[in-house]
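Trainee: Here is my input, please return the structure:
(one chain, ligands or ions: 1)
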Amino acid sequence: MGEVRSLLRHIPKVDEVLMDEHLFLFFKDTPRSVIVDSVREKLDSIREDILEGRITEISGKDELIADIVSSIVEKKKKVLRRVINATGVVLHTNLGRAELSKEAARAVAEVADSYSTLEYDLKRGQRGSRQDIVEAAVKKVTGAEAAMVVNNNAAATMIVLASMARGREVVVSRGELVEIGGSFRIPDVMSESGAFLKEVGTTNKTKASDYENAYNEETTAAFMKVHTSNYRIVGFTEDVSLTDMVELGKKFHVPVIYDMGNGLMTDLHRFGVNEPTVKDAVAAGPDVILFSGDKLLGGPQAGIIIGSKKYIDMMKKHPLARAFRVDKMTLAALETTFYQYQDEEKAMKDIPVLRMISATEEELSQKADRLMALLEASAPGFSYEKESCLDQVGGGSAPTNYLKGCAVAIFKEGVPAEKMERLLRKAEIPVIARINHDRVLIDVRTVNEDEFDEVVSAVGYVLRTISNKEGEV
Ligand SMILES: *Cc1c(COP(=O)(O)O)cnc(C)c1O
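Mentor: Model prediction:
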């Protein structure tokens, strides 16, 4: 008993520990409470260990401080953190969809920590409108008459339906009643908006006559086409093209709405991505088109609505416009992204989503060679092999199109790939990789060249951790 009491007496005091120079360094940029909590927790756990008889001596000061430092470092980690996407899925929904271009990210940073012209007209020195910020750029690039931006495409669908069809019917093909992850289902959004869904056709076939028969002078508010972005109906199928729907709309004087999802600006067929472009959609002539900002457009999360001024003006005045409006950071990123599209060739290189999708097999193979050379030099304890693989656009886009990619496979006799994959996620900059045939794959399509050093340190960390554990055994 006396021994326990004497041990307890030797536990250092919180204030004493806080004087340590290693902890002192943290005070510059860490909330005091984080440091104090870490010290207290460590001292409490020592006290408990003594009382429970788990330890009979108090560890040395260096060890004590090292434990506290790693606890502070752990506490300082943000929940939302940067990761390296080594999955080869370009628009990875769980990893934040589109990576912004460097220019767009800079524009965000610039308005984030200063005042800006968010709702201010510099020329006139008066109040301006945040909707004007991107409208000109969007109109220029898409050729649309008017444009508006909301929080995401789900919000866009909602405000389009609420402003154009509340209390009336919207005719949609049964083959296009999509669900986009989570709880976004066209029929549900429709009912929330106050519009009534009028389903026509069957799952695999919908004909122009189906829309014609559904038309009712009193109740029909719009014909709506929804791009089946995340699935394809193949086989014995038929649907009505956007052009033909526009014809039907003209015939009955009913507006046509097109939810196209992706927001692709440049044709990507030559890279194996069979998705329609916004320009094609505009050319077909529907009254309203809506799409996401962070899918194939490669910008920030946003819902972009383009079309006739008559309808867009109604949406801008709708009460939901305030609820769905975007902030200055989104607008900064979006304005820059659209600005970049004014030079399409340059956009293919500067907008990460486009650059990643358009990377050729040859380029990816050489990129994998470069990464492999770095890994072999810095972490020779693992085996590496170049492996071809199939990549995806992701984000519920182009579901049937696979892109030929290239990866560096990492493996070692006796080390399960699952373990490697898990440790890669624990690295300082986590690397999210996939597993194929019990080998971890670092797919280079979605890893930027300037992230190679961080991949190498993550692999080094995995190797060290595994070797240390082996040493213990
Ligand atoms: C992705 C998608 C949506 C939802 O867009 P978010 O920007 O994720 O809200 C709606 N409709 C279609 C057709 C889509 O592809």
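
Trainee: what about Thr203, which SS state?
Mentor: coil (DSSP: H, G, I helix; E, B strand; the rest coil).

Trainee: got it, and Lys386?
Mentor: Looking at Lys386 with three-state DSSP, the answer is strand.

Trainee: Let me see the contact set for it.
Mentor: 365, 368-369, 372, 406-409 (C-beta atoms under 8 Å, 6 or more residues apart in numbering). From N, CA and C alone the C-beta is placed, and that goes for glycine too.

Trainee: Can you read off the pLDDT for the closest residue to the ligand within the chain?
Mentor: In the chain, the residue found nearest to the ligand is Gly261; the distance is 2.3 Å by C-beta to the nearest ligand atom. At Gly261, the model reports a pLDDT of 92.

Trainee: number of nearby residues for it?
Mentor: Neighbour count of Gly261, defined by other C-beta atoms under 10 Å: 25.

Trainee: ok, the nearest residue in space to Glu454 that is not next to it in sequence - contacts?
Mentor: Nearest non-adjacent residue to Glu454, counting by C-beta to C-beta, 6 or more residues apart in numbering: Ile429, 4.5 Å away. Ile429 sits next to 82-84, 451, 454, 457-458 when contact means C-beta under 8 Å, 6+ apart.

Trainee: one step back: where's the residue of the chain closest to the ligand relative to Gly394, distance?
Mentor: Applying C-beta to C-beta, to the nearest Å, the value for Gly261 to Gly394 is 13 Å.

Trainee: still on that earlier bit, which ones among the contacts of Lys386 are found in strands?
Mentor: Here DSSP state E is the test, and the contacts of Lys386 give 406-409 as lying in strands.

Trainee: Can you lay out the residues you listed as JSON lines showing neighbour count?
Mentor: Putting these into JSON lines (neighbours: other C-beta atoms under 10 Å) gives the following:
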{"residue": "Cys406", "neighbour count": "26"}
{"residue": "Ala407", "neighbour count": "29"}
{"residue": "Val408", "neighbour count": "29"}
{"residue": "Ala409", "neighbour count": "22"}
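
Trainee: Out of the residues you listed, which is nearest to Val14?
Mentor: Nearest to Val14 among these is Val408, at 47.5 Å by C-beta to C-beta.

Trainee: if we can go back for a sec, phi, psi for the residue of the chain closest to the ligand please.
Mentor: Dihedral angles of Gly261 (phi, psi; degrees, to the nearest 10) stand at phi 70, psi -70.

Trainee: My guess is Ala107 contacts Thr336. True?
Mentor: Yes: using C-beta atoms under 8 Å, Ala107 makes contact with Thr336 at a distance of 4.3 Å.

Trainee: residues contacting the closest residue to Lys102 other than its chain neighbours?
Mentor: Spatial nearest neighbour of Lys102, chain neighbours left out: Asp350 (7.4 Å); criterion: C-beta to C-beta, 6+ apart. By C-beta under 8 Å, 6+ apart, the contact list for Asp350 reads 101-103, 340.

Trainee: tell me the pLDDT at Asp350?
Mentor: 98.

Trainee: just Gly471 next, same as before
Mentor: pLDDT, Gly471: 54.

Trainee: do the same with Lys28
Mentor: pLDDT, Lys28: 92.

Trainee: Tell me how far it lies from Glu345.
Mentor: 46 Å.

Trainee: what do you get for Thr360?
Mentor: 16 Å.

Trainee: Spell out which parts of the stretch 301-450 of the chain neighbour the ligand.
Mentor: 303, 396 (C-beta under 6 Å from any ligand atom).

Trainee: Now do the strands in the stretch 301-450 of the chain.
Mentor: 303-307, 383-394, 397-411, 431-436, 439-443 (DSSP state E, counting those that start in this stretch).

Trainee: Measure how buried Lys279 is and give me the count.
Mentor: Neighbours of Lys279 (other C-beta under 10 Å): 16.

Trainee: going forward, begin numbering at 25 instead of 1
Mentor: Done: numbering now begins at 25, and the last item shifts to Lys303.

Trainee: buried ones in the helix or strand where it lies?
Mentor: In this assignment (DSSP states H and E), Lys303 forms part of helix 302-308. By neighbour count on 16 or more other C-beta atoms under 10 Å, the buried set for helix 302-308 is 302-303, 305-306, 308.

Trainee: Just the pLDDT for the spatially most distant residue from the centre of the chain.
Mentor: Distance from the C-alpha centroid of the chain peaks at Gly26, with 59.8 Å (C-alpha atoms, centre = their mean). pLDDT for Gly26: 75.

Trainee: quick one, helices of the stretch 325-474 of the chain?
Mentor: 333-341, 343-347, 352-364, 368-374, 376-382, 385-402, 441-450 (DSSP state H, counting those that start in this stretch).

Trainee: export those to a markdown table and tack on distance to Val114?
Mentor: Below are the helices of the stretch 325-474 of the chain laid out as a markdown table (distance: least, C-beta to C-beta, whole Å):
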| stretch | distance to Val114 |
| --- | --- |
| helix 333-341 | 30 |
| helix 343-347 | 31 |
| helix 352-364 | 16 |
| helix 368-374 | 14 |
| helix 376-382 | 5 |
| helix 385-402 | 12 |
| helix 441-450 | 20 |
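
Trainee: now the helix or strand bottoming out on mean pLDDT in the chain, how far from the chain's geometric center?
Mentor: Among the helices and strands of the chain, strand 203-204 carries the lowest confidence by mean pLDDT, DSSP states H and E, at a mean of 82. Centroid separation for strand 203-204 versus its chain: 16 Å, with C-alpha atoms, centre = their mean, to the nearest Å.

Trainee: Equivalent analysis for stretch 255-265, please.
Mentor: 29 Å.

Trainee: Could I get the phi/psi values of Thr301?
Mentor: The phi/psi pair for Thr301 (degrees, to the nearest 10) is phi -100, psi 160.
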